[in-house]
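>>> One predicted model, sequence on top.
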Amino acid sequence: MAGGWHVNLPTDQLRPASQQQAALLVDADNFSDVPSIHAAWLQFKSRAGRVSICRAYGSAARLQALSAVWHSLAARCMPNLSLEKNTTDAALVADAVALHFQQGVRLFAIASGDADFAPLAVRLREWGCEVWCFSMEGIVFAGAEYFYDRVIRFAPAPLVPVTSPVPVRLAPAQLAPMTSPVPVRLVPAPLVSMTSLVPDLPEDVVRILKAVPSLHQAPQMLSEVVPVLRKKTIFSRTTKSTAFFALYADYFKLSPVQQPVELSYIPQRVAALAPVSLASPVLPVHKPDLSPPSCSVLSWPVNGSRRASPPLLAELNGLRSVLIKLALRRVVVADVLLAVPELLSGQACALSAVAGRLREKSLLHPGQSSLRIFEQYPKTFAVDMHRAPQTVVYLP
């Protein structure tokens, strides 16, 4: 330059001394609580001054479900490969190493809490990097403080409370027509109380619904439900949510099927009431010639009464439930009639007495309802849940 000196300064010397490259890498498979993601970004920004790199890793469906969050943080979404094996962890590790050696990043924050990232944190610190960990309470692995420079835990956002009352309060007023000679057709199915169905649900399902009552109202994020179940000791630290809920596919639905994000509860009202109404316009059990209101009900002393199953570990409890369900499916009509020959008369028999006989003959588990057997044969057995006592009739 004429009339003066021109000095070419390195690019690094043109930057403010206090500014440095900082990368926030989010494992959306384990860290998907929206308020916690924002809080982690703000805390990391207060340390770094500027979050120059923010990336989110996970399945395409999960990243899409949180698209508003990534937009607000200007984060790049890094969907994993469409393989059966989850590639989220490997993609995050590869990017972290590349960011350090290619862009000189020396300040990292990994939002996950997954123990699989502990070797990465150790290696980055050996290379002179500062590494933070953001995680959810109940998810972060034990002793994480030994592997990271700082570990920050967040409590999950409160789940949506049950705002509409369970219809127990309305049931007495609406069930007045039960005094009618044909109570099944006069009592609408939606008015049956959910609490009346809970005893017929597996023990684990009942515990989950009590721990997360908002499942009655709407699907919940799996990442928010799992910490609650771990806190309530329904899940252990090693329980895999997908494998656990697969055991109860009749009661819960995970979506999407590959790398699920949401958990939905499948109400059992229709399934539980189907054997009662038999989905038939005219029920032979209510005809005057078969079982008139004045007809007596056969009964006998019950020895095999129903009792709760002893508590087990979550994994063993789920296995027990599956084995019981498989055993019930093996019970055929002939087994029931051989165990309870009184049904062959065509007269109404007390449901509790029939269930007790089935338990004596080891056809019914002590913790299961006999309705699970009769609902398999709606054209062979008619069950009247509104009679006192509740009855079952064989329809030859």
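The structure has been received and is ready for your questions.
>>> okay, CA-based contacts and neighbour counts for the rest of this
Noted.
>>> where do the helices sit along the stretch 251-396 of the chain?
All helices of the stretch 251-396 of the chain, identified by DSSP state H, counting those that start in this stretch, fall at 269-277, 314-329, 333-339, 351-360, 371-374.
>>> which of those helices has the lowest average pLDDT?
Comparing mean pLDDT over these, the weakest stretch is helix 269-277, at a mean of 42.
>>> Show me where this protein has its strands.
Using DSSP state E, the strands of the chain run over 22-27, 53-58, 76-79, 107-111, 130-136, 150-154, 220-221, 252-255, 262-265, 349-350, 381-384, 391-394.
>>> would you turn those strands into JSON lines with distance to K361, mean neighbour count and mean pLDDT?
JSON lines is the format used below for the strands of the chain (distance: least, Cα to Cα, whole Å; neighbours: other Cα atoms under 10 Å; pLDDT from 0 to 100):
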{"stretch": "strand 22-27", "distance to K361": "53", "mean neighbour count": "25", "mean pLDDT": "95"}
{"stretch": "strand 53-58", "distance to K361": "51", "mean neighbour count": "21", "mean pLDDT": "94"}
{"stretch": "strand 76-79", "distance to K361": "55", "mean neighbour count": "18", "mean pLDDT": "93"}
{"stretch": "strand 107-111", "distance to K361": "55", "mean neighbour count": "25", "mean pLDDT": "96"}
{"stretch": "strand 130-136", "distance to K361": "49", "mean neighbour count": "23", "mean pLDDT": "94"}
{"stretch": "strand 150-154", "distance to K361": "52", "mean neighbour count": "17", "mean pLDDT": "91"}
{"stretch": "strand 220-221", "distance to K361": "42", "mean neighbour count": "19", "mean pLDDT": "86"}
{"stretch": "strand 252-255", "distance to K361": "32", "mean neighbour count": "18", "mean pLDDT": "88"}
{"stretch": "strand 262-265", "distance to K361": "34", "mean neighbour count": "20", "mean pLDDT": "88"}
{"stretch": "strand 349-350", "distance to K361": "17", "mean neighbour count": "22", "mean pLDDT": "92"}
{"stretch": "strand 381-384", "distance to K361": "19", "mean neighbour count": "23", "mean pLDDT": "90"}
{"stretch": "strand 391-394", "distance to K361": "18", "mean neighbour count": "24", "mean pLDDT": "92"}
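>>> which stretch among those strands comes nearest V302?
Closest approach to V302 among the strands of the chain is made by strand 349-350 (10.4 Å; Cα to Cα).
>>> And the contacts of that closest one?
Strand 349-350 is contacted by residues 297-299, 342-343, 389-393 when judged by Cα atoms under 8 Å, 6 or more residues apart in numbering.
>>> Can I get the strands of the chain in a markdown table including distance to I208?
Shown next, in a markdown table, are the strands of the chain (distance: least, Cα to Cα, whole Å):
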| stretch | distance to I208 |
| --- | --- |
| strand 22-27 | 26 |
| strand 53-58 | 26 |
| strand 76-79 | 31 |
| strand 107-111 | 27 |
| strand 130-136 | 20 |
| strand 150-154 | 22 |
| strand 220-221 | 12 |
| strand 252-255 | 10 |
| strand 262-265 | 10 |
| strand 349-350 | 32 |
| strand 381-384 | 29 |
| strand 391-394 | 31 |
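>>> For W41, which of the ones you listed is the nearest?
Nearest to W41, of the strands of the chain and by Cα to Cα, is strand 22-27 at 7.5 Å.
>>> what about the closest one, distance to the chain center?
Distance, stretch centre to chain centre, for strand 22-27: 28 Å (Cα atoms, centre = their mean, to the nearest Å).
>>> Same question for stretch 231-250.
Relative to its parent chain, stretch 231-250 has a centroid offset of 7 Å by Cα atoms, centre = their mean.
>>> picking up where we left off before, just the buried ones out of the contacts of strand 349-350, please.
297-299, 342-343, 390-393 (16 or more other Cα atoms under 10 Å).
>>> Of all pairs in these, which one spans the longest distance?
Farthest apart among those by Cα to Cα are E342 and Q390. That separation is 15.8 Å.
>>> what's near enough to touch W41?
24, 51.
>>> do you know how far it is from W70?
Between W41 and W70 the computed distance is 11 Å (Cα to Cα, to the nearest Å).
>>> Give me the pLDDT for I266.
On pLDDT, I266 comes in at 88.
>>> Run a quick neighbour tally on it.
Counted with other Cα atoms under 10 Å, residues neighbouring I266 total 14.
>>> quick one: it and K253 touch, right?
Yes: under the criterion of Cα atoms under 8 Å, I266 makes contact with K253 at 7.0 Å.
>>> which residues of the stretch 1-150 of the chain score low on pLDDT?
Low-confidence segments of the stretch 1-150 of the chain (pLDDT under 70): 1-19, 84.
>>> let's see 80
Scanning the stretch 1-150 of the chain for pLDDT under 80 picks out the ranges 1-19, 82-86, 138.
>>> gap between the nearest residue in space to C129 that is not next to it in sequence and Y146?
Using Cα to Cα, 6 or more residues apart in numbering and skipping the chain neighbours, the partner closest in space to C129 is R106 (4.4 Å). Here the criterion is Cα to Cα. By it, R106 lies 19 Å from Y146.
>>> which of these two has more neighbours?
When R106 and Y146 are compared on other Cα under 10 Å, the one with more neighbours turns out to be R106, at 19 against 11.
>>> do you know how far the more buried one is from L24?
Per Cα to Cα, R106 is found 12 Å from L24.
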